[in-house]
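Student: no sequence on this one, just coordinates:
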């Protein structure tokens, strides 16, 4: 068994591959795969012509992030001890992969680790996706050190540490293969957005740890496949957040949180209307409708006996209250 495979998921991302793949090849020590989600551009022809050293995992249709990675990794199952999941729009740095792999190899209780993720367009700032390590509040809203909602912090070295977190970013994360398959991989129902947060929650319920390693730095463009202005992105974020809660909470605790989320999501839809974004408001209602369609298809998870009834207490009860009402917009203030 080889030690590690770097797997880049691609969908119509030839220009991202043209820009960033040579840097990945230059700075990486392990085998590189591109998993192609049935791209309609000529991504595969581009790879075969320009990067024959990169192995292609071709899929017959677009399965999104969750299904795409599940199917791609199934093709190389049993061949590698670790996978590095890497977005096609990420710029890596020297020794990035080896540093992360050496660290997680020395920490067998860790299922996943992510590096520091900075913005590619404004590299002095943290990126939206993962930033300085991801957390969840008691209602399941994600936030990061270095990024809370739309507030991005300057990177001043304040998060150059190595700490346990709630979740690692799918933009760049190392996962232990046995842990990935042990929970069945990503939940296909998510398609895209928050599937890595859901998976990290499952791992933590099983007694595994998730870590952030601030000694490694990458830069992320973001929005290369689905721009944040898209109503579909709003739909996926709201729906998948509900699926995540339903997947990982006992029924009695889920019900209370769901009722809270209904009120907060109605407020969010109202704000979208006020801001002249009715399509985004409609996406919120579609999200709840689709959640009820999908929730009966929940994948069972067998929890460790001593953790099966655990709902991890959060230091932050509501990041919405902290951010919008208290006005605390950076991590150090919360």
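Tutor: On my side now, so go ahead. Predicted, not measured: the structure shown is a model, and the values here were computed from it.
Student: List the pairing partners of the strand of greatest length in the chain within its sheet, with orientation.
Tutor: Criterion DSSP state E: the longest strand present in the chain is strand 209-220. In the sheet, strand 209-220 lines up against strand 90-91 (antiparallel), strand 110-119 (parallel), strand 162-165 (antiparallel) (DSSP bridges).
Student: highest average neighbour count across those?
Tutor: The highest mean neighbour count among the strands paired with strand 209-220, using mean count of other C-beta atoms under 10 Å, belongs to strand 110-119: a mean of 27. Placement of C-beta: from N, CA and C, glycine included.
Student: Past it, which element shows up next along the chain?
Tutor: Sequence order places strand 134-136 as the next helix or strand after strand 110-119, per DSSP states H and E.
Student: what sits up against that following strand?
Tutor: By C-beta atoms under 8 Å, 6 or more residues apart in numbering, the residues outside strand 134-136 that reach it are 114, 142-145, 165-169, 197, 200-201, 212, 314, 316.
Student: of the strands paired with strand 209-220, which approaches residue 265 most closely?
Tutor: strand 162-165 (25.4 Å; C-beta to C-beta).
Student: Counting neighbours, what do you get for residue 255?
Tutor: Per other C-beta atoms under 10 Å, the neighbour tally for residue 255 reads 11.
Student: Does residue 199 touch residue 188 like I think?
Tutor: No. Under the contact definition of C-beta atoms under 8 Å, residue 199 does not touch residue 188, with a separation of 11.7 Å.
Student: For the two, work out which one has more neighbours and name it.
Tutor: A count of neighbours by other C-beta under 10 Å puts residue 199 above the other of residue 199 and residue 188, at 30 against 18.
Student: Of all the contacts of strand 134-136, the one with the weakest confidence?
Tutor: Of all the contacts of strand 134-136, residue 314 carries the smallest pLDDT score, 54.
Student: right, so of the strands paired with strand 209-220, which gets closest to residue 288?
Tutor: Across the strands paired with strand 209-220, closest to residue 288 is strand 162-165 (C-beta to C-beta), at 28.4 Å.
Student: Three-state assignment for the most centrally placed residue in the chain, please.
Tutor: The residue lying closest to the centre of the chain (C-alpha atoms, centre = their mean) is residue 170, at 3.3 Å. The local conformation at residue 170, judged by DSSP: H, G, I helix; E, B strand; the rest coil, is coil.
Student: Could you tell me which residues make contact with it?
Tutor: Neighbour list for residue 170: 65, 85, 87, 129, 195, 196 [criterion: C-beta under 8 Å, 6+ apart].
Student: export the residues you listed to CSV and tack on secondary structure, neighbour count and pLDDT?
Tutor: Rendered in CSV, the data for the contacts of residue 170 read as follows (DSSP: H, G, I helix; E, B strand; the rest coil; neighbours: other C-beta atoms under 10 Å; pLDDT from 0 to 100):
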residue, secondary structure, neighbour count, pLDDT
65, helix, 24, 98
85, strand, 27, 99
87, strand, 25, 98
129, coil, 23, 96
195, helix, 26, 98
196, helix, 27, 98
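Student: was I right about residue 249 contacting residue 257?
Tutor: Yes. With contact defined as C-beta under 8 Å, residue 249 reaches residue 257; the gap is 6.7 Å.
Student: where does the protein have low pLDDT?
Tutor: Scanning the chain for pLDDT under 70 picks out 224-226, 298-315.
Student: What is the burial count for residue 202?
Tutor: Neighbours of residue 202 using other C-beta under 10 Å come to 22.
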